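1. coords please:
(2 chains)
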Protein chains: 2
Amino acid sequence: MSTPLHLYDKLLQFTLFQGMSHADLMEVVTHTKIGFHKLPMGKRLISAGEPCNRLTFLINGTLQTEHMADNRAYRIVERLSAPYLPEPERLFGIHQQFTHTYTTLTDVNLITIDKQEVMLLLETQLVFRLNMLNQMATETQRLLHHPWRTCPKSLRERIIHFFFAHCQYPAGPKTFYILMQQLADLLNDSRLDISLALNQMQEDGLLTLHRGRIEIPMIERLLM
Amino acid sequence: MSTPLHLYDKLLQFTLFQGMSHADLMEVVTHTKIGFHKLPMGKRLISAGEPCNRLTFLINGTLQTEHMADNRAYRIVERLSAPYLPEPERLFGIHQQFTHTYTTLTDVNLITIDKQEVMLLLETQLVFRLNMLNQMATETQRLLHHPWRTCPKSLRERIIHFFFAHCQYPAGPKTFYILMQQLADLLNDSRLDISLALNQMQEDGLLTLHRGRIEIPMIERLLM
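-> Next up is the predicted model:
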């Protein structure tokens, strides 16, 4: 972590720094106050509701993230591996608090950049500014498009759509702590139909069903 | 439109310029290339799919906007009054094309600022930069929160949720060109139940039903 060259490579893994020239990136590395952190496994990194006043780049290791529905009726647990930047959109806007809880699943290395330094990068670095704007605009465009997409043709497609709509990252293992009755209420279908569809997905080897819990080993396989 | 003072007031109506000091705004007005346009009623202003390479501020008059579902099975028509800035997130990101079509319903006045000039404002004007980032972040946060909200308790609530999810602006008159059967497929319910719920809403004076068309005079009343 000590040499600027090493840091340079680490930052280039993240969209926000991609496309920056060697000279610009060297300027960033030498003039930006950057925090380096190491955390052992099993530690709480961020709690949902905590103010977001910095960007936290996961550069090594794996995090577990958890999010609870507004009515606390169900929650989703995901695994996120480096490189990952959790909730960059929380640095600005009306709700500057994290919405997910993050815990370390392994030893992890993190780089943090305080909002004040991010503001400076946004002012002085054209590519960083463009990357930030493009990243936020792309996310907005993706989300705005959701309601207009072609209607799911089967209950199985509706369930898959529900799973993806509740994930931060569209790949890897996910655990849904949800009762079949809750899923039935959310999807406006019967508990029996939900059970049949989920059991078929279990037979297809896509997930395993437990009491109040659905384990999906690789969510991306649901789209194949 | 000729005096800078008048223009100053017009820009201050828009979030992107709010909070700017008199001095900064005067600098913007004098140093930014700003286009002024007047269009008579009944003219096409923007077509869906057209590249977005400028911000178009509606400063006087009313527009009609139209959006078609991906599968072209239904479309929504809305009325938008000044001050309005259509689809600012389309200036950046992966899809830099408008998704809605805009036509003038009255004579309108517009101010346009090309992307190149917007980039300059983002570089030189701290408040403009912050406003842009905050606006995009807030929109992303609002949209990311959608799947986690409390589940609609009735079909009527589901229908209202569908209406709002397809609107650009959450107030005013809207026309949905959609068949009851399509709405039933989208909401995973029966055509009969949809018909009963919509007819009850018609009796409550919230909307009127026509063949393949639902007229909502003031969508905000559906939340009261």
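
2. What's the separation between A:H22 and A:D9?
-> The spacing between A:H22 and A:D9, counted by C-beta to C-beta, to the nearest Å, is 12 Å. Every residue, glycine included, has its C-beta placed from N, CA and C.

3. Looking at the two, which one has more neighbours?
-> Using other C-beta atoms under 10 Å in any protein chain shown as the criterion, A:H22 and A:D9 rank with A:D9 on top: 12 against 8.

4. Name the residues of the helix or strand harbouring that one that are buried.
-> According to DSSP states H and E, A:D9 maps onto helix A:4-12. Residues A:L7, A:Y8, A:K10, A:L11 are the ones in helix A:4-12 that count as buried (16 or more other C-beta atoms under 10 Å in any protein chain shown).

5. contacting residues around the third one?
-> Think A:K10. By C-beta atoms under 8 Å, 6 or more residues apart in numbering or on different chains, the contact set of A:K10 is A:F57, A:I59, A:P83, A:I111.

6. For those, pick the one with the most neighbours.
-> A:F57 (24 neighbours).

7. got the contact list for A:L130?
-> Residues in contact with A:L130 (C-beta under 8 Å, 6+ apart) are B:F92.

8. How about the secondary structure of it?
-> Look at A:L130: counting by DSSP: H, G, I helix; E, B strand; the rest coil, its state is helix.

9. In chain A, where is pLDDT below threshold?
-> A:1-5 (pLDDT under 70).

10. Okay, helices next: where are they in it?
-> All helices of chain A, identified by DSSP state H, fall at A:4-12, A:22-31, A:115-124, A:126-145, A:155-165, A:180-187, A:191-203.

11. Give me whichever of those is most buried.
-> When the helices of chain A are scored by mean count of other C-beta atoms under 10 Å in any protein chain shown, the highest mean neighbour count falls to helix A:126-145 (a mean of 20).

12. Output it as PDB, restricted to C-alpha atoms.
-> Extracted in PDB, the C-alpha atoms of helix A:126-145 (Å, rounded to 0.1, in the frame of the first residue of the first chain):
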ATOM      1  CA  LEU A 126     -12.300  16.800 -15.600                       C
ATOM      2  CA  VAL A 127     -12.300  13.000 -16.100                       C
ATOM      3  CA  PHE A 128     -13.300  12.300 -12.500                       C
ATOM      4  CA  ARG A 129     -16.100  14.900 -12.800                       C
ATOM      5  CA  LEU A 130     -17.300  13.200 -16.000                       C
ATOM      6  CA  ASN A 131     -17.100   9.700 -14.600                       C
ATOM      7  CA  MET A 132     -19.100  10.800 -11.500                       C
ATOM      8  CA  LEU A 133     -21.800  12.400 -13.700                       C
ATOM      9  CA  ASN A 134     -21.900   9.600 -16.200                       C
ATOM     10  CA  GLN A 135     -22.100   6.900 -13.400                       C
ATOM     11  CA  MET A 136     -25.000   8.700 -11.600                       C
ATOM     12  CA  ALA A 137     -26.900   9.400 -14.900                       C
ATOM     13  CA  THR A 138     -26.500   5.800 -16.100                       C
ATOM     14  CA  GLU A 139     -27.900   4.500 -12.800                       C
ATOM     15  CA  THR A 140     -30.900   7.000 -13.000                       C
ATOM     16  CA  GLN A 141     -31.500   6.000 -16.600                       C
ATOM     17  CA  ARG A 142     -31.500   2.200 -15.700                       C
ATOM     18  CA  LEU A 143     -33.900   2.800 -12.900                       C
ATOM     19  CA  LEU A 144     -36.300   5.000 -14.800                       C
ATOM     20  CA  HIS A 145     -36.500   2.400 -17.500                       C
END
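
13. next one: that helix to chain centre, how far?
-> Chain-centre distance of helix A:126-145: 16 Å, with C-alpha atoms, centre = their mean, to the nearest Å.

14. what do you get for stretch A:62-80?
-> 10 Å.

15. Can it be said to contact chain B?
-> Yes - using C-beta under 8 Å from any C-beta of the partner chain, we find that stretch A:62-80 touches chain B at A:H67, A:A69, A:D70, A:N71, A:A73.

16. can I get the contacts of A:K10 in CSV with distance to chain B?
-> CSV is the format used below for the contacts of A:K10 (distance: C-beta to the nearest C-beta, whole Å):
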residue, distance to chain B
A:F57, 18
A:I59, 24
A:P83, 20
A:I111, 21
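
17. In strands, which of these appear?
-> Members of the contacts of A:K10 lying in strands (criterion: DSSP state E): A:F57, A:I59, A:I111.

18. Farthest from the middle of chain A: give me that residue.
-> Distance from the C-alpha centroid of chain A, by C-alpha atoms, centre = their mean, peaks at A:L192 (31.8 Å).

19. Contacts only, for the residue nearest the centre of chain A.
-> Centrality entry for chain A: nearest residue to the mean C-alpha point is A:Q168, 3.4 Å, by C-alpha atoms, centre = their mean. Residues near A:Q168 by C-beta under 8 Å, 6+ apart: A:T65, A:H67, A:E78, A:L80, A:P86, A:H100.

20. I'd say the last one and A:T65 touch.
-> Yes - with contacts counted by C-beta atoms under 8 Å, A:H100 reaches A:T65, the gap being 4.7 Å.

21. Touching both of these two, which residues are there?
-> Listed as contacting both A:H100 and A:T65 by C-beta under 8 Å, 6+ apart are A:P86, A:Q168.

22. more crowded one of these two?
-> Per other C-beta under 10 Å, whichever of A:H100 and A:T65 has more neighbours is A:T65, with 25 against 22.

23. who does the more buried one bridge with?
-> Under DSSP bridges, the beta-bridge partners of A:T65 are A:E78, A:Y102.

24. which ones are touching it?
-> Counting by C-beta under 8 Å, 6+ apart, A:T65 has contacts A:V77, A:E78, A:R79, A:L80, A:P86, A:H100, A:T101, A:Y102, A:T103, A:Q168.

25. hmm, try it at 6 Å
-> Residues near A:T65 by C-beta atoms under 6 Å, 6 or more residues apart in numbering or on different chains: A:E78, A:L80, A:H100, A:Y102.

26. Is it correct that the first one is in contact with A:K174?
-> Translated: A:E78. Yes - contact between A:E78 and A:K174 holds when scored by C-beta atoms under 6 Å: they sit 5.3 Å apart.

27. sorry, back to before: for the contacts of A:Q168, which one is nearest chain B?
-> Chain B has its nearest neighbour among those in A:H67, at 7.1 Å by C-beta to the nearest C-beta.

28. What separation do you get for A:G19 and chain B?
-> Note on A:G19: its distance to chain B, by C-beta to the nearest C-beta, to the nearest Å, is 14 Å.

29. I'd say that residue and A:V127 touch.
-> Yes - judged on C-beta under 6 Å, A:G19 makes contact with A:V127 at a distance of 5.2 Å.
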